[in-house]
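K.L.:
Generate a structure from the sequence data that follows.
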Amino acid sequence: MTASEHYLGYKRILVAGGAGFLGSHLCERLIKQGHEVFCLDNFHTGSRENIEDLLGNSKFHLIRHDIVLPYYLHVDEVFNLACPASPVHYGFDPIHTIKTSVSGTLNLLGLAKRVGAKLVQASTSEVYGDPLQHPQTEHYWGNVNSYGPRACYDEGKRCAESFIYAYREQHGVDARICRIFNTYGPRMHRNDGRVVSNFVVQALQGNPITVYGNGSQTRSFCYVDDLVDGLLAMMNCPDVIDHPINLGNPKEFTVIELAEMICDLTGSRSEILFKELPKDDPTRRRPDITVARSTLGWSPKTEVHDGLKRTIEYFDSILAQASQTRNVVGLDGRGLRSKHVLSAGGLPA
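P.N.:
Sure, this is the predicted structure:
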């Protein structure tokens with residue numbers, strides 16, 4: 001690193017989970033800012049396609065690695081976004097999900113301690129469980145089931161927060177916690193089971209919209225660009241931040257409202273199909289972002305309608321490409337397929 005690069009704010013930055021939905025957007029932003037980015041990913045849910053446009057950049061380094069195993073690299077900052085975040089993915093291998101949140105976070109904290117790096121931990125609104133407080137503030141301790149199908153993710157993230165507290169108190173590591181609420185946008189996995197991707201794919205395919213429960217449960221949706229702004233604000237804040245901060249959009253929608261909005265934006269005539277609500281699925285979810293506004297000067301800017309339009313355009317393109325591929329190989333025996341051929345399933349997050 002040259003003296004001029006350091007003066008201009010050039011940094012070496014590790015992004016764990018950098019090939020995932022959120023991580024790839026963060027890597028892209030950091031590269032645009034002129035930093036050197038080390039993207040660690042085991043490709044359990046991440047995708048090479050997400051970071052394809054960055055691979056030719058000399059300041060971007062892709063490293064296939066699982067943070068459950070220790071890794072050493074001299075960097076200035078660490079973003080830990082490594083962990084499956086949808087019920088379909090984190091429930092596929094719950095033991096590894098726990099290890100990623102607990103052992104993985106411990107390994108990155110050890111790295112940050114050794115090299116004096118600042119760390120931002122992507123925690124989750126799931127630490128609040130099925131909340132009895134609404135909206136959820138950072139002081140709320142949560143209503144979480146430690147013995148159930150979602151516990152591998154919820155409790156893993158809670159334990160990771162405990163490690164961060166301990167490393168701050170015992171070793172003075174500057175580690176900061178963002179509790180991220182529902183985030184959506186381009187590069188979401190089309191089969192990740194989260195409610196936005198489910199509904200958009202189903203609407204584009206003309207399939208029934210699967211609503212779990214009666215659809216009265218609520219979520220708050222933050223567009224990915226706004227969330228990346230929040231992560232960067234958290235890392236770059238010059239003040240001492242020794243408490244978790246919520247990042248999310250405080251505008252609340254019922255699942256039915258979201259389904260109707262997506263059908264309207266896609267022009268879909270898909271019917272709504274109601275299914276049984278999964279065990280421990282939260283009934284309400286909405287962040288109180290008072291602390292983010294006052295401490296970070298951050299709040300989301302993208303209206304949900306605008307963000308959904310961009311997300312729909314992304315999925316429409318992805319589905320069309322998949323359809324063309326299937327047409328070429330003639331999987332139906334005639335070389336003919338409908339416009340969209342992928343399936344969607346899973347649980348709302």
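K.L.:
State whether residue 176 and residue 120 are indeed in contact, as I suppose.
P.N.:
Yes - here residue 176 reaches residue 120: they are 5.0 Å apart, a contact under CB atoms under 8 Å. (C-beta placed from N, C-alpha, C; glycine too.)
K.L.:
So these two - more neighbours on which side?
P.N.:
The residue with more neighbours, out of residue 176 and residue 120, is residue 120; 26 against 21, by other CB atoms under 10 Å.
K.L.:
what are the bridge partners for the more buried one, then?
P.N.:
Per DSSP bridges, the residues bridged to residue 120 are residue 79, residue 176.
K.L.:
residues contacting it?
P.N.:
Neighbouring residues of residue 120 by CB atoms under 8 Å, 6 or more residues apart in numbering: 77-80, 175-178, 231, 234-235.
K.L.:
quick one: least confident helix or strand in this protein?
P.N.:
helix 3-7 (a mean of 38; mean pLDDT, DSSP states H and E).
K.L.:
what about dumping the CA coordinates of the helix or strand following that helix to PDB?
P.N.:
Scanning forward in sequence from helix 3-7 by DSSP states H and E, the next helix or strand is strand 12-16. Extracted in PDB, the C-alpha atoms of strand 12-16 (Å, rounded to 0.1, in the frame of the first residue of the first chain):
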ATOM      1  CA  ARG A  12      -8.000  -4.000   2.600                       C
ATOM      2  CA  ILE A  13     -11.400  -5.400   3.500                       C
ATOM      3  CA  LEU A  14     -12.500  -9.000   4.100                       C
ATOM      4  CA  VAL A  15     -16.200  -9.800   3.200                       C
ATOM      5  CA  ALA A  16     -17.100 -13.300   4.500                       C
END
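K.L.:
Go through the one helix or strand residue 257 maps to and flag the buried ones.
P.N.:
Element membership for residue 257 (DSSP H and E) is helix 255-266. Judged by neighbour count using 16 or more other CB atoms under 10 Å, the buried positions of helix 255-266 are 255-256, 258-260, 262-263, 266.
K.L.:
Just say helix, strand or coil for the residue nearest to residue 140 when sequence neighbours are not counted.
P.N.:
Nearest residue to residue 140 in three dimensions, chain neighbours excluded: residue 133, at 4.5 Å (CB to CB, 6 or more residues apart in numbering). Following DSSP: H, G, I helix; E, B strand; the rest coil, we place residue 133 in the coil state.
K.L.:
Residue 285 is in contact with residue 133, correct?
P.N.:
No - using CB under 8 Å, residue 133 is not in contact with residue 285, being 11.4 Å away.
K.L.:
part of a strand, is residue 38?
P.N.:
Yes - counting by three-state DSSP, residue 38 is found in a strand.
K.L.:
What is the burial count for it?
P.N.:
Counted with other CB under 10 Å, residue 38 comes out at 22.
K.L.:
contacting residues around it?
P.N.:
Counting by CB under 8 Å, 6+ apart, residue 38 has contacts 12-15, 18, 61, 63, 73, 75.
K.L.:
what bridges to it?
P.N.:
Beta-bridge pairing for residue 38 (DSSP bridges): residue 14, residue 61.
K.L.:
do you know how far it is from residue 231?
P.N.:
Remark: distance between residue 38 and residue 231 (CB to CB, to the nearest Å) = 16 Å.
K.L.:
that older thread, find the residues that touch each one of residue 176 and residue 120.
P.N.:
Residues touching both residue 176 and residue 120 (CB under 8 Å, 6+ apart) are 234-235.
K.L.:
And the helices in the chain, which stretches?
P.N.:
Along the chain, counting by DSSP state H, helices occupy 3-7, 21-32, 87-90, 94-99, 105-115, 151-171, 195-205, 224-236, 255-266, 290-291, 304-329.
K.L.:
Tell me which other helices or strands the third one touches.
P.N.:
The reference is to helix 87-90. If contacts are counted by 3 or more CB pairs under 8 Å, 6 or more residues apart in numbering; DSSP states H and E, helix 87-90 sits against helix 151-171.
K.L.:
Ok, the fourth one next?
P.N.:
Other elements packing on helix 94-99 under the criterion 3+ CB pairs under 8 Å, 6+ apart are helix 151-171.
K.L.:
Can you list the neighbours in contact with the helix it packs on?
P.N.:
With CB under 8 Å, 6+ apart, helix 151-171 has contacts from 83-85, 87, 90-91, 94-95, 97-98, 100-102, 105-106, 109, 112-113, 119, 121, 123-124, 126-127, 129, 142, 144-146, 173-177, 242, 244.
K.L.:
Who has more neighbours out of residue 133 and residue 285?
P.N.:
residue 285 (23 against 14).
K.L.:
what's the pLDDT at that one?
P.N.:
pLDDT, residue 285: 92.
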